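[1] Okay, sequence plus prediction incoming.
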Amino acid sequence: MLRLRRCRAIDDLLRKYGPIVRVAPNKVIFLDSATMKVVYGVSSKLNKSKFYKCLTTNGNDHAMTTLDHSSHLLRKRGYASHYNPANLALFQPEIHSFTRGLVDLLSAAASSSPMAIDTLLLFRHYFIDVNCMHLFDYSAGSLNAWSRNILQGGPPDELSRAISDFPKQGLLAVLVLHSSSVKRSKLSLFKFTFQRLRDARSMMRLEKMRSGNEHYDEDLRKPLIARLQDHKYNFQGSLRMNMPDEDIVSECTAHLIAGTDTTSTTLSYLLWELSRRPDIMAHLQAELDECMPDPKSMLDIQELQKLPYLTALIKEGLRVYSAAPSPLERVAPANRDAEISLLGYSIPPGTIIASQAFSSHRREDVFFCPNLFLPDRWLLQDLSASPASRSYGGSTPAESRTPEDESPPLSPSSSVVLSETEKGSPVARPNGRTRVSQVEMAKHMFPFGHGPRVCGGQNLAQIMLRVVLSAIARNFDIIAPLETNEKSMAMRDIFVAFPAALECKLIFVPRSQ
Ligand code: HEM
């Protein structure tokens with residue numbers, strides 16, 4: 001854990017000892033899709049482990065840190081409808097407008113001399129704007145702050161500093177203190193959210209005085225903060241009380257953080273892949289050029305969802321670069337009568353049980369050459385027919401190379417380093433299978449978790465990945481400077497994943513038209 005490679009270490013144990021391993025006196029990790037259904041599936045009522053308390057904000061719980069199954073349901077009911085596709089579609093005009101702003105800033109950065117931009121930092125600012133819009137109906141001006149700070153050399157503003165600091169401070173809290181110290185480190189974001197709650201209240205009062213109507217009187221397109229103010233906790237079907245302010249604040253702060261860091265990391269890794277894989281970039285740009293003749297136009301979300309290559313690319317990005325690749329810990333029921341068994345082993349009450357996306361996404365019996373970044377796997381029935389796999393045109397993700405840090409960095413154009421498994425011919429795989437079932441692969445995908453505790457914002461994440469990738473790839477070619485390489489991008493993890501260098505510097509070159 002201290003080496004920030006916990007997922008890799010657990011994966012090594014699973015490979016060595018089989019699909020269930022005991023990693024601590026009271027903790028087992030398993031790797032099996034049928035068992036995953038039992039532990040995480042829709043009918044699972046297992047509680048989360050105390051680990052999640054590290055992620056509390058302002059010392060208070062939110063949906064992700066509410067351990068107990070039934071208390072979690074009360075919270076989830078408050079926010080779930082906000083992330084319905086129909087509701088999210090209502091925020092599309094603002095999402096497009098922020099994305100145009102992002103493209104304009106990248107063009108401005110490229111206009112003088114080519115400049116390497118830390119996309120992790122840039123995307124965090126972009127997502128603060130997007131998330132403040134749908135969470136608070138508030139214009140945070142975060143992208144502008146990025147521009148003033150990075151392009152014009154001005155001082156970073158308070159919010160920018162908080163945005164840059166929170167991943168590192170959060171990691172420190174989990175790694176060193178293993179406690180809810182996030183309370184202290186997230187103080188400014190917490191204050192920021194509280195101020196938004198006050199804004200929302202005064203706006204509602206003002207509107208009421210003016211027109212006699214509530215400001216947000218429709219069922220849809222309310223910012224989350226207004227939705228939560230209307231949410232009633234319903235205990236045992238009788239006592240109803242408004243959601244307390246501290247719960248509204250911790251819920252919104254958690255969504256601000258969860259929705260900013262994960263998506264920024266996933267996008268940064270995907271852009272890095274595009275920078276070193278001209279074959280993938282060419283394929284993507286061909287698809288986008290056809291449906292976005294005007295590079296400044298933005299495609300409707302529903303149209304974006306129909307693009308096969310973009311969709312395949314995102315699936316592969318979520319497979320290889322899951323932003324939350326770690327064990328998702330649950331607790332076996334304390335009640336002896338409810339004792340469960342996993343893969344033939346009976347599990348003592350109170351044992352922590354978990355599976356991790358990192359390993360599920362790298363199963364050799366499911367994913368053809370799992371260490372290759374190969375969007376084609378999501379398009380083809382028979383991968384041995386793929387030119388990319390025949391010529392081994394896939395790149396090996398940074399974290400799969402061993403020993404990572406000693407390896408020479410790959411330049412964007414250098415040939416691919418293959419693992420021992422990948423050196424075998426695709427046709428001569430040990431189990432003799434070359435046909436890859438999409439259904440089978442989908443069953444092993446776990447980037448957003450599963451069941452009642454599945455990622456609350458996964459619909460939004462899917463939309464944002466499509467909107468940003470399409471806008472950037474339609475308008476720019478991407479080059480990785482030498483400082484962005486296998487070593488700097490090697491995946492590290494403490495619950496969330498991040499590049500070893502804590503940054504991802506890329507150069508954006510405007511395309512000719
Ligand atoms: C690529 C982007 C994202 C990834 C990979 C991701 C991953 C995850 C995972 C794996 C969990 C489940 C944790 C568990 O079972 O212990 C989770 C929970 C959650 N995520 Fe995400 N997430 C992403 C984006 C977002 C966004 C955009 C939002 C909201 C704006 C969001 C909000 C949440 C919330 C609220 C939960 C807690 C759900 C609950 O327990 O009710 N996430 N996320």
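    Sure thing, it's come through.
[2] Please make it C-alpha for all contacts and neighbour counts, starting now.
    Will do.
[3] my read is residue 469 is in a helix, agree?
    Yes - counting by DSSP: H, G, I helix; E, B strand; the rest coil, residue 469 is found in a helix.
[4] tally of neighbours for it?
    Neighbouring residues of residue 469 were enumerated by other C-alpha atoms under 10 Å; the total is 18.
[5] okay, it: pLDDT?
    Predicted confidence (pLDDT) for residue 469: 98.
[6] Over to residue 130?
    97.
[7] can you pull out the helices in the stretch 1-150 of the chain?
    Assigned by DSSP state H, counting those that start in this stretch, the helices in the stretch 1-150 of the chain fall at 6-17, 33-40, 69-79, 85-89, 92-111, 119-136, 142-146.
[8] contacting residues for the residue lying closest to residue 60 once chain neighbours are set aside?
    Nearest residue to residue 60, sequence neighbours excluded (C-alpha to C-alpha, 6 or more residues apart in numbering): residue 250, at 6.3 Å. Listed by C-alpha atoms under 8 Å, 6 or more residues apart in numbering, the contact set of residue 250 reads 56, 57, 58, 60, 61, 62, 190.
[9] so which of those residues is the most crowded?
    Of all the contacts of residue 250, the highest neighbour tally under other C-alpha under 10 Å goes to residue 57, namely 29 neighbours.
[10] Can you give me the distance of it to the ligand?
    Distance, residue 57 to the ligand, using C-alpha to the nearest ligand atom, to the nearest Å: 13 Å.
[11] pretty sure that residue is touching residue 190, no?
    Yes - Residue 57 lies in contact with residue 190 (C-alpha atoms under 8 Å); the separation is 7.3 Å.
[12] overlap in contacts of these two?
    Common neighbours of residue 57 and residue 190 are listed as 250, 253 (criterion: C-alpha under 8 Å, 6+ apart).
[13] Against the ligand, how distant is the residue nearest to residue 60?
    Taken as C-alpha to the nearest ligand atom, the span from residue 250 to the ligand is 11 Å.
[14] Now that residue, what are its backbone angles?
    Dihedral pair for residue 250: phi -70, psi -40, per degrees, to the nearest 10.
[15] Give me the pLDDT value at it.
    Residue 250 is assigned 92 on the pLDDT scale.
[16] got a list of what residue 352 touches?
    So residue 352 contacts 26, 27, 28, 49, 329, 330, 331, 332 (C-alpha under 8 Å, 6+ apart).
[17] Quick check on these: which are buried?
    By neighbour count, with 16 or more other C-alpha atoms under 10 Å, those hold 27, 28, 49, 329, 330, 331, 332 as buried.
[18] Any chance of those in a markdown table with distance to residue 122 and pLDDT as columns?
    Output for these, formatted as a markdown table (distance: C-alpha to C-alpha, whole Å; pLDDT from 0 to 100):
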| residue | distance to residue 122 | pLDDT |
| --- | --- | --- |
| 27 | 38 | 96 |
| 28 | 38 | 96 |
| 49 | 33 | 95 |
| 329 | 32 | 96 |
| 330 | 34 | 96 |
| 331 | 38 | 95 |
| 332 | 41 | 93 |
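[19] From the residues you listed, pick the one nearest the ligand.
    Within the buried ones among the contacts of residue 352, distances to the ligand taken as C-alpha to the nearest ligand atom reach their minimum at residue 329, with 6.7 Å.
[20] With adjacent residues omitted, what lies nearest to the closest one?
    In this structure, residue 329 finds its nearest non-sequential neighbour in residue 354, 4.6 Å apart by C-alpha to C-alpha, 6+ apart.
[21] where's that neighbour relative to residue 449, distance?
    11 Å (C-alpha to C-alpha, to the nearest Å).
[22] shared neighbours of these two, anything?
    Common neighbours of residue 354 and residue 449 (C-alpha under 8 Å, 6+ apart) are residue 328.
[23] In the stretch 251-400 of the chain, which residue sits nearest the ligand?
    For the stretch 251-400 of the chain, C-alpha to the nearest ligand atom, closest residue to the ligand: residue 259, 3.4 Å.
[24] What residues does that residue make contact with?
    If you count contacts by C-alpha under 8 Å, 6+ apart, residue 259 has them with 127, 131, 457, 461.
[25] Run a quick neighbour tally on the last one.
    In other words, residue 461. Residue 461 has 19 nearby residues by other C-alpha under 10 Å.
[26] gap between the host helix or strand of it and the chain center?
    Element membership for residue 461 (DSSP states H and E) is helix 458-475. The chain centre lies 13 Å from the centre of helix 458-475; the measure is C-alpha atoms, centre = their mean, to the nearest Å.
[27] next one: stretch 299-308
    For stretch 299-308, the distance to the chain centre is 20 Å (C-alpha atoms, centre = their mean).
[28] so what's the residue of the stretch 301-450 of the chain found nearest the ligand up against?
    Residue nearest to the ligand within the stretch 301-450 of the chain (C-alpha to the nearest ligand atom): residue 448, separated by 3.8 Å. Applying C-alpha under 8 Å, 6+ apart to residue 448 gives the contacts 324, 454, 455, 458.
[29] Sitting in helices, which of these do you find?
    Within the contacts of residue 448, residues falling in helices by DSSP state H are residue 458.
[30] a markdown table for the contacts of residue 448, including distance to the ligand?
    As requested, the contacts of residue 448 are exported to a markdown table (distance: C-alpha to the nearest ligand atom, whole Å):
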| residue | distance to the ligand |
| --- | --- |
| 324 | 5 |
| 454 | 5 |
| 455 | 3 |
| 458 | 5 |
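[31] I'd like the contacts of residue 250 as JSON lines, with pLDDT and distance to residue 91 appended.
    Listed next are those as JSON lines, based on pLDDT from 0 to 100; distance: C-alpha to C-alpha, whole Å:
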{"residue": "56", "pLDDT": "83", "distance to residue 91": "28"}
{"residue": "57", "pLDDT": "77", "distance to residue 91": "26"}
{"residue": "58", "pLDDT": "76", "distance to residue 91": "28"}
{"residue": "60", "pLDDT": "88", "distance to residue 91": "29"}
{"residue": "61", "pLDDT": "93", "distance to residue 91": "27"}
{"residue": "62", "pLDDT": "94", "distance to residue 91": "24"}
{"residue": "190", "pLDDT": "75", "distance to residue 91": "24"}
